[in-house]
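Visitor: Make a model of this:
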Amino acid sequence: MALKPWREIAEPHSDVREGKFQQAEFAADLSRVHAGTANAEYQNPALFFQRTFITEGMRLLLDSVVKRLAGQGGDPVIQLQTAFGGGKTHTMLAVYHLAKGEAPVSDLQGVPAILDAAGVTELPKARIAVLDGIKSSPNQPVQREGLMVRTLWGIWPGNLGVLKVMTWWRMPTLRARHPARRYWRRC
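Guide: Next up, the predicted model:
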């Protein structure tokens, strides 16, 4: 029995069929999505889920995330472990779009079934922080809410929009130290 050519089994996306595929556009970048500068296929939640095949592993992870966001259990910390090309960034983008809640769940292909299976009827929006480890360095501080931030401990609240109200936190952030545990409890 001869194997069928792959093009007879799985039809390529139109940009591949028409010769318009750009390799640079294929690389997903969570930081660019968060900044609002990504290509539409990644920036727009509906387009992203239209082009995403939700694997069993991604479905299980999204189930846990949905439950956690809805206050119905779910894992508080998830560690993604796959080899290069294993879907870590794509999975983070899926979580990002679900948590941000910019599009109705009904517009996100494959997501309504995940919510149904999790027993979740409505997904609350979450505040989101994105940390780009390549672009973050104590030697290259970033400006957040009028403050120079040099540490991870300043980037997180800076991304959440709460850095300025955390006046008790400015000195550890400026001195490149982590805040004491008691500070985190105030957030």
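
Visitor: residue ranges of the strands in this structure, please?
Guide: Assigned by DSSP state E, the strands in the chain fall at 142-144, 147-149.

Visitor: Pull out the buried positions in the last one.
Guide: In other words, strand 147-149. Buried residues in strand 147-149, counted by 16 or more other Cβ atoms under 10 Å: 147, 149. Backbone N, C-alpha and C define where each C-beta goes, glycine included.

Visitor: again with stretch 71-78
Guide: Under 16+ other Cβ under 10 Å, the buried positions of stretch 71-78 are residue 74.

Visitor: can you check stretch 129-141 too?
Guide: Under the neighbour-count criterion of 16+ other Cβ under 10 Å, stretch 129-141 has 136, 141 buried.

Visitor: Averaged pLDDT, that stretch. What do you get?
Guide: For stretch 129-141, mean pLDDT rounds to 75.

Visitor: Could you export it as CSV, CA atoms only?
Guide: Output of stretch 129-141 as CSV, limited to C-alpha atoms (Å, rounded to 0.1, in the frame of the first residue of the first chain):
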residue,chain,number,x,y,z
ALA,A,129,2.7,40.4,33.0
VAL,A,130,5.1,39.3,30.4
LEU,A,131,8.8,39.0,31.0
ASP,A,132,11.2,38.8,28.1
GLY,A,133,14.4,37.3,29.6
ILE,A,134,16.4,38.3,26.5
LYS,A,135,15.5,41.9,26.7
SER,A,136,15.8,42.2,30.5
SER,A,137,19.1,43.0,32.1
PRO,A,138,20.3,44.9,35.2
ASN,A,139,22.7,46.8,32.9
GLN,A,140,19.8,47.9,30.7
PRO,A,141,17.1,49.3,32.9
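
Visitor: Can you convert the strands of the chain into TSV and add a column each for distance to residue 109?
Guide: Formatted as TSV, the strands of the chain follow (distance: least, Cβ to Cβ, whole Å):
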stretch	distance to residue 109
strand 142-144	35
strand 147-149	37
